[in-house]
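Visitor: I would like the atomic coordinates for the input below:
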Amino acid sequence: MHVFEVGEKVTKWTGKSTRDGNGFKLWYSGAPKSINGVGIIMTDRLKDFVVHVERHGDRLMLVRLVIHEETINVISAYAPQSGRSEGEKKSFWDSLDELVRSCPDDQRLVLGGDLNGHIGVQSDGYPGVHGGLGFGRRNEEGRMILEFATAHDLVIANSFFRKRKSQLITFQRGRNETQIDYFLVRKETSGLVKIARRATKTEKAVRPRILWKNLMGEAAETFRSTTSARFSLEIQNVEHMDADQLWTHLVKGMRETAKAVLGETRGTSSQRKGGRESWWISEEVQTKVATKLSCFKELIKSKQNGTNEDWSLARQRYYEAKKEAKKIVAIAKERAYEELYKKLDSKEGKNDIFRIAKARERKRMDLGDVIYIKDESGRSIVKVEDIRKRWEEYFANLFNRRESGRSEGGIDHGIHSDICCDDDDTPRISQEEVRLALKKMGRSKQQVQTKFLSRDGDAWEMWG
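Guide: Predicted coordinates:
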């Protein structure tokens, strides 16, 4: 089973770009001088499956993934608020209708976002679309959501799970509590949607990783000698193994040796799996941050069990520890960046500048290394057999195509009488094409003499 770790969000960031960091990647789109914006965020293990990104203004965007020969379309939408004009609402729903229709029926579809409507508690008149577990009273915008879902054979996944009132509310201001955020999926795939629950600390834990970066110098020699000695003793007992069993045995032995020689990381939370900006953290910073955390725990404990005086003293200690930690962090960052800038200004740091620039550019790219191709209609091909067939058709057309009437350089051979042709009627290079090519040569080119044989065998020369 593939866990789909993706989310839609409303953002006020302007422009069309991406942000990558802390184990996630965000695609967003927002118009300048506007309060609207949409985005789609994914975990690191899903971002490399993205093959297509579409942005439609500041209210709609689509991200297409291909996972295990299956295409998944994720749409993020931000509908106009109830106070907006009817024309703006109609334009939004027409654009969303066109975007959904562009997703083939045999591909999965996940549509989510702030649709600014109330679908109500009951399914009244919309069985199969509304699960009967909604919230609040239905309004006109909610009816439009239900009509849209019916037209495209979608279901509102939120309404099919029984949850507490606090879990149904997605917008709250004062005493007003509403549900305006929804997820819509195709009916045939609605059974795959599962209710989300909060992960425990054990589930968040990440398995320790081998510190392969330590494989250098003396550690590398120790690893090599230890591995060689270990397998020289075990090689006598592997004669009965086939190739797969032998490979598994060797990999297991090398990993065990690497853990003992190189060491491994401690298990940590999934939030830190992508790596925080920790290269500037020193022991002093860690001590101050730990003190701040300890003071915060004391503050919470005194608020629950202590007197007002205890809580006041704990709060004062926490504020002082927090102020001191911020000061030490700022000093450590400044010192680390000064050393980095000095290194980049040196002759040896030029390569690091290009490396940093390339890394930042890659983070802003919508797509990474795309491993799928598209057919003539622009649809992603996901099956190995179809990909092979498409390549065969492409190269067959590429090598067997015969140009008629016009060459690649844009010269109409029908009006030039000096074109030389082979016996198979394939046009050759003309004098006019040679003149154009010579004119495009750089000034550093010295005297050029080109000889051609015309069809009747007479030679002609051109000097440039």
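Visitor: can you tell me the element Arg360 falls in?
Guide: Element membership of Arg360 [criterion: DSSP states H and E] is helix 350-363.
Visitor: right, I mislabeled it, should have said Arg315
Guide: Going by DSSP H and E, Arg315 is in helix 308-345.
Visitor: could you name the helices and strands sitting against that helix?
Guide: Secondary-structure packing of helix 308-345 (3 or more CB pairs under 8 Å, 6 or more residues apart in numbering; DSSP states H and E): helix 283-305, helix 350-363. Every C-beta, even on glycine, is put in place using the N, C-alpha and C of the backbone.
Visitor: any idea how far Tyr182 is from Leu111?
Guide: As judged by CB to CB, to the nearest Å, Leu111 and Tyr182 stand 8 Å apart.
Visitor: these two: who's more crowded?
Guide: A count of neighbours by other CB atoms under 10 Å puts Leu111 above the other of Leu111 and Tyr182, at 27 against 23.
Visitor: what sits against that one?
Guide: Residues in contact with Leu111 (CB atoms under 8 Å, 6 or more residues apart in numbering) are Ile75, Ala77, Val100, Leu154, Phe183, Leu184, Val185.
Visitor: buried subset of those?
Guide: Ile75, Ala77, Val100, Leu154, Phe183, Leu184, Val185 (16 or more other CB atoms under 10 Å).
Visitor: now the strands for the stretch 51-200 of the chain?
Guide: Shown for the stretch 51-200 of the chain, the strands assigned by DSSP state E, counting those that start in this stretch span residues 60-67, 70-78, 108-114, 154-156, 171-173, 176-178, 181-186.
Visitor: and of the ones you listed, who's closest to Ala325?
Guide: Nearest to Ala325, of all the strands of the stretch 51-200 of the chain, is strand 171-173, at 32.6 Å by CB to CB.
Visitor: show the average pLDDT along the closest one.
Guide: Looking at strand 171-173 alone, the average pLDDT works out to 79.
Visitor: any idea how far it is from the chain center?
Guide: Computed by CA atoms, centre = their mean, to the nearest Å, the chain-centroid distance of strand 171-173 equals 30 Å.
Visitor: wasn't Ala437 part of a helix?
Guide: Yes: judged by DSSP: H, G, I helix; E, B strand; the rest coil, Ala437 forms part of a helix.
Visitor: now for whichever helix or strand Ser17 is part of, which elements pack on it?
Guide: Element membership for Ser17 (DSSP H and E) is strand 15-21. Counting contacts by 3+ CB pairs under 8 Å, 6+ apart, strand 15-21 packs against strand 24-30, helix 350-363.
Visitor: change it to 7 Å
Guide: Here strand 15-21 touches strand 24-30, going by 3 or more CB pairs under 7 Å, 6 or more residues apart in numbering; DSSP states H and E.
Visitor: give me the angle between the strand it packs on and strand 70-78.
Guide: Using axes from the mean of the first three to the mean of the last three CA atoms, to 10 degrees, the inter-axis angle of strand 24-30 relative to strand 70-78 is 50 degrees.
Visitor: make sure Val74 is actually in contact with Ile67.
Guide: No: if you go by CB atoms under 7 Å, Val74 and Ile67 don't touch, sitting 11.5 Å apart.
Visitor: ok, those two, which is more surrounded?
Guide: Of the pair Val74 and Ile67, Val74 is the one with more neighbours under other CB under 10 Å, namely 23 against 13.
Visitor: in the sheet, who's paired with the more buried one?
Guide: For Val74, the beta-bridge partners are Val63, Val110 (DSSP bridges).
Visitor: Asn22 versus that one, what's the distance?
Guide: The gap separating Val74 from Asn22 is 20 Å, by CB to CB.
Visitor: then Lys363?
Guide: 12 Å.
Visitor: repeat for Arg108
Guide: Distance from Arg108 to Asn22, counting by CB to CB: 27 Å.
Visitor: which one's more surrounded, those two?
Guide: Neighbour comparison, Arg108 and Asn22: the larger count goes to Arg108, with 18 against 14 (by other CB under 10 Å).
Visitor: got a pLDDT number for Val434?
Guide: 77.
Visitor: again, but for Gly142
Guide: The model's pLDDT for Gly142 equals 91.
Visitor: what's in contact with stretch 315-328?
Guide: For stretch 315-328, the surrounding residues in contact (CB atoms under 7 Å, 6 or more residues apart in numbering) are Glu284, Val285, Lys288, Val289, Thr291, Lys292, Cys295, Phe296, Leu299.
Visitor: what residue ranges in the protein score low on pLDDT?
Guide: 1-12, 33-34, 196-207, 235-239, 266-279, 369-372, 382, 401-428, 441-464 (pLDDT under 70).
Visitor: can I see the domain layout of it?
Guide: 6-192, 208-266, 278-363, 413-463 (automatic domain parsing).
Visitor: just give me the residue right at the centre of this structure.
Guide: Nearest residue to the geometric centre of the chain (CA atoms, centre = their mean): Lys47, 3.0 Å.
Visitor: if I pick that residue, what's in contact with it?
Guide: By CB under 7 Å, 6+ apart, the residues touching Lys47 are Lys25, Gly368.
Visitor: for Val193, see how far away it is.
Guide: With CB to CB as the criterion, Lys47 and Val193 are 22 Å apart.
Visitor: and what of Val261?
Guide: Val261 sits 46 Å away from Val193, going by CB to CB.
Visitor: tell me which of these two has more neighbours.
Guide: Val261 (20 against 16).
Visitor: which one is that one nearest to, not counting chain neighbours?
Guide: Phe223 (4.7 Å; CB to CB, 6 or more residues apart in numbering).
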